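Participant: please work out how this folds:
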Amino acid sequence: MTKGCPLGASLIASLTVCFYLFTCESTPASPLNETAIQAKSENKNSDSDALRRAAEEYAEACNFDHARAKLEEDIALNQSTDKNRLPESWILLGNVYRLEGLYPEARTWLLRGFNVLEKQRPADAQRLSAACNYLALFNNSAGEFAESEKNARKALTYSLEAGLGKENQAMHKVVLANALRQQGKYKEALVELEAALPILKTGTEKSLLATATNNLGALHFWMGDYQRASGILQDGLKQRLELYGENHPDVANSYLDLGCVEFKLGDLKTALEHLEEAHEIRLSKLGANHPETLSSAANLAVVLMSTGDNQRALELLKNAVEAGKSVLGTKNPDLAQYKDDYANALCADKQYELARDIQMEANLVRKATFGANSREYAGGLRSLAQIESACGNKKAARQIIERSIAIYKASPQHPDPDLAESLDELAYMYVEGNELESARQTFVLAIREKLKTGNKISYATSLANLAELLHRMKQDAESHVMLKKAADAIQALPEAQRDNPDCKAILERYTKAQNGSPAGDR
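Facilitator: Numbering: from 1, shown residues only. Here you go, the predicted structure:
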């Protein structure tokens, strides 16, 4: 099972939002022939701005070669006419490399520009605000989420200092919220997004409003409120379709996030359609080995496994892992997620030893990146426990899942769908060890947690599992009550969700029980 879809690529920088900050003033002219010199300087600046706008348009169309060529022209122009404009030229070139998925080159150019601006005296808060924003976006893409938060906060501080206005500050809050979400700081992220959205709704930056809307939906997904996430993500998708049409990377981001929610809600058919659409757009616009394409491939693979297409899922995940090593580097948390999903697929394919090795690699990255007490590391532990259990290492599996549960319980995230799933795993292990009363108590805890999250299919599945366990414990009356609750929960779902294989199996069991078969029989 997936541990949640990786949404690191769900915040695409809107170049339009930031480019206007970089049409900065030139160095003051000398009094000698000031009018002529100023006119010449303004013409050169106008040429530079035109090159930057052209680069923006090419980048928006994912024509990165042409975007870089225009910015290289801009650099050459400013090198000979106005070196004061060079830092922004370098930063914009670095941002194109970021959008292209070439992170080492992006880092080089972004830092080159930022370091010059940071050393200037007096400091220019407006220029530094834009530079820090670009750095925060890069940090997010590169999986450096604490650094992204730091630079987003600096961008916001500089924006306030420069008096750049509420819409500009809302932009920085959107970037900050994404950095917070990536670190599991969901409530803090929600505060920032909810502060930004009313401002953006009355502003001019419609692309940023669409991004903020989508990010709010994604945040509710990670908080486990899948029904609420679905409605918000559909709104974000509608906005993006109106802005861009079908074949655009931002639209792909919306399809991906919506597909992840639909998967969690049990609507596998629609989830598969949306994730296929996201992957096809990224393939056509960004190429097969772009980091965002690898992300869509990994998410698609998770759903394919749930539909029984294990072979294609394995192929997609193997490629995501192998390509990710060179594209992302071995310490990127997105690569750790791909390894996590690949290990799950290998385990389902009974390649247990390889699955364990890959999962342990993923967990080392998560531990180093997020810490030993993070929810991200807890998710990796849960996957490792599943693999150890499948290998027959029951004692080790139980110790690992108990550590995962302890981390989730200490987390400020409540209700927590990951805690509920981990409790389910522990209950299964108790059943395998014939510790039936412990299993019953743990299933009850999982059910209570799932009831809080609102995930009706997962809730119904745990109820059905408890019914089966109670039947095994010779408590058939209680078993039937639990199975009826499970069936009622499923019957209340939309038809598309009831089509989920787990739902069908539960309803079939309930029908058999109604016709006189024991409630726990599969």
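Participant: so the nearest residue to P291 once chain neighbours are set aside versus N289, what's the distance?
Facilitator: Residue nearest to P291 in three dimensions, not counting chain neighbours: G101, with 4.7 Å by Cβ to Cβ, 6 or more residues apart in numbering. Every C-beta, even on glycine, is put in place using the N, C-alpha and C of the backbone. The gap separating G101 from N289 is 8 Å, by Cβ to Cβ, to the nearest Å.
Participant: more neighbours, the two?
Facilitator: G101 (21 against 15; other Cβ atoms under 10 Å).
Participant: what sits against that one?
Facilitator: By Cβ atoms under 8 Å, 6 or more residues apart in numbering, the contact set of G101 is L286, N289, H290, P291, E292, V327.
Participant: list only buried entries from those.
Facilitator: Neighbour-count burial (16 or more other Cβ atoms under 10 Å) is assigned, among the contacts of G101, to L286, H290, P291, E292, V327.
Participant: now those as CSV including pLDDT, secondary structure and distance to D341?
Facilitator: CSV is the format used below for these (pLDDT from 0 to 100; DSSP: H, G, I helix; E, B strand; the rest coil; distance: Cβ to Cβ, whole Å):
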residue, pLDDT, secondary structure, distance to D341
L286, 96, helix, 20
H290, 96, coil, 18
P291, 96, helix, 15
E292, 96, helix, 16
V327, 93, helix, 17
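Participant: out of the residues you listed, flag the one nearest to C260.
Facilitator: Nearest to C260 among these, counting by Cβ to Cβ, is E292 at 14.2 Å.
Participant: would you agree that closest one is in contact with R282?
Facilitator: Yes. Between E292 and R282 there is a contact under Cβ atoms under 8 Å: 5.4 Å.
Participant: touching stretch 503-520 from outside, list them.
Facilitator: 266, 457, 460-461, 464, 467-472, 476, 479-480, 482-484, 486-487, 490-491, 493, 497-498, 521-522.
Participant: and if we set it to 10 Å?
Facilitator: 266, 456-457, 460-461, 463-473, 475-491, 493, 497-498, 500, 521-522 (Cβ atoms under 10 Å, 6 or more residues apart in numbering).
Participant: list the buried residues for stretch 328-348?
Facilitator: Buried residues in stretch 328-348 (16+ other Cβ under 10 Å): 328, 332-347.
Participant: same check, this time on stretch 267-276
Facilitator: Buried residues in stretch 267-276, counted by 16+ other Cβ under 10 Å: D267, L268, T270, A271, L272, H274, L275, E276.
Participant: try stretch 49-67
Facilitator: 49, 51-56, 58-60, 62, 64, 67.
Participant: quick one on the thing from earlier: got the contacts of G101 as JSON lines, with distance to N78 columns?
Facilitator: Shown next, in JSON lines, are these (distance: Cβ to Cβ, whole Å):
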{"residue": "L286", "distance to N78": "29"}
{"residue": "N289", "distance to N78": "33"}
{"residue": "H290", "distance to N78": "29"}
{"residue": "P291", "distance to N78": "30"}
{"residue": "E292", "distance to N78": "31"}
{"residue": "V327", "distance to N78": "31"}
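Participant: out of those residues, which is nearest to A378?
Facilitator: Using Cβ to Cβ, the contacts of G101 come closest to A378 at P291, 24.5 Å.
Participant: which residues touch that closest one?
Facilitator: Each residue near P291 by Cβ under 10 Å, 6+ apart is listed here: 8-9, 98, 100-103, 141-143, 282, 320, 323-324, 327-328, 332, 334-335.
Participant: likewise for I91?
Facilitator: By Cβ under 10 Å, 6+ apart, the neighbours of I91 are 18, 22, 71, 106, 109-114, 116-117, 127, 130-131, 133-135, 138.
Participant: so of the buried residues of stretch 267-276, which ones are in helices?
Facilitator: L268, T270, A271, L272, H274, L275, E276 (DSSP state H).
Participant: now do the contacts for the closest residue to D124 other than its chain neighbours.
Facilitator: In space, and not counting its chain neighbours, D124 is closest to L117: 6.9 Å by Cβ to Cβ, 6+ apart. For L117, the contact set (Cβ under 10 Å, 6+ apart) comprises P87, E88, W90, I91, A123, D124, R127, L128, A130, A131, C132.
Participant: of all those residues, which two lie farthest apart?
Facilitator: W90 and A123 (17.8 Å).
Participant: the two: who's more crowded?
Facilitator: W90 (25 against 12).
Participant: so that one is in which element?
Facilitator: For W90, the element it lies in under DSSP states H and E is helix 86-100.
Participant: roughly how far is the next helix or strand after that helix from the heart of the chain?
Facilitator: The C-terminal neighbour of helix 86-100 among helices and strands, as given by DSSP H and E, is helix 103-119. Mean-position distance between helix 103-119 and its chain equals 25 Å (Cα atoms, centre = their mean, to the nearest Å).
Participant: between helix 103-119 and helix 86-100, how many degrees?
Facilitator: Helix 103-119 runs at 150 degrees relative to helix 86-100, counting by axes from the mean of the first three to the mean of the last three Cα atoms, to 10 degrees.
Participant: what are the buried residues along helix 103-119?
Facilitator: Y103, E105, A106, R107, W109, L110, L111, R112, G113, F114, V116, L117.
Participant: how far does stretch 466-474 sit from its chain's centre?
Facilitator: 38 Å.
Participant: which outside residues touch it?
Facilitator: Contact partners of stretch 466-474, identified using Cβ under 10 Å, 6+ apart, comprise 427-428, 430-431, 434, 436-437, 439-440, 442-444, 446-447, 475-487, 506, 509-510, 513, 518-522.
Participant: check these for burial and list the buried ones.
Facilitator: Buried by 16+ other Cβ under 10 Å: 427-428, 430-431, 439-440, 442-443, 446-447, 475, 478-487, 506, 509-510, 513, 519-520, out of the contacts of stretch 466-474.
Participant: go through those residues and flag which are in helices.
Facilitator: Among these, the residues falling in helices (DSSP H) are 427-428, 430-431, 439-440, 442-443, 446-447, 478-487, 506, 509-510, 513.
Participant: pLDDT wise, what is V17 at?
Facilitator: For V17, the pLDDT comes out at 31.
Participant: my guess is A131 contacts L137. True?
Facilitator: No. Counting by Cβ atoms under 10 Å, A131 does not reach L137; the two are 11.0 Å apart.
Participant: the more surrounded of the two?
Facilitator: A131 (31 against 27).
Participant: Q491: neighbour count?
Facilitator: 12.
Participant: contacting residues around M482?
Facilitator: Per Cβ under 10 Å, 6+ apart, neighbours of M482: 443-444, 447, 462-471, 475, 519-520.
Participant: what about P412, which SS state?
Facilitator: Secondary structure assignment for P412 (DSSP: H, G, I helix; E, B strand; the rest coil): coil.
Participant: likewise L164?
Facilitator: coil.
Participant: and for the one 10 residues further on?
Facilitator: Applying three-state DSSP to V174 yields a three-state assignment of helix.
Participant: and what of G203?
Facilitator: Once three-state DSSP is applied, G203 turns out coil.
Participant: quick one: contacts for it?
Facilitator: G165, K166, E167, N168, A170, M171, A196, L209 are the contacts of G203 under Cβ under 10 Å, 6+ apart.
Participant: how about a cut-off of 6 Å?
Facilitator: E167 (Cβ atoms under 6 Å, 6 or more residues apart in numbering).
Participant: next one, pLDDT for it please.
Facilitator: Checking the pLDDT column for G203, the value is 93.
Participant: check A179 too.
Facilitator: With respect to pLDDT, A179 has a value of 96.
Participant: and the host helix or strand of it, what's buried?
Facilitator: Assessed by DSSP H and E, A179 sits inside helix 166-182. Across helix 166-182, burial judged by 16+ other Cβ under 10 Å covers 166-182.
Participant: how about stretch 229-239?
Facilitator: A229, S230, I232, L233, D235, G236, L237, Q239.
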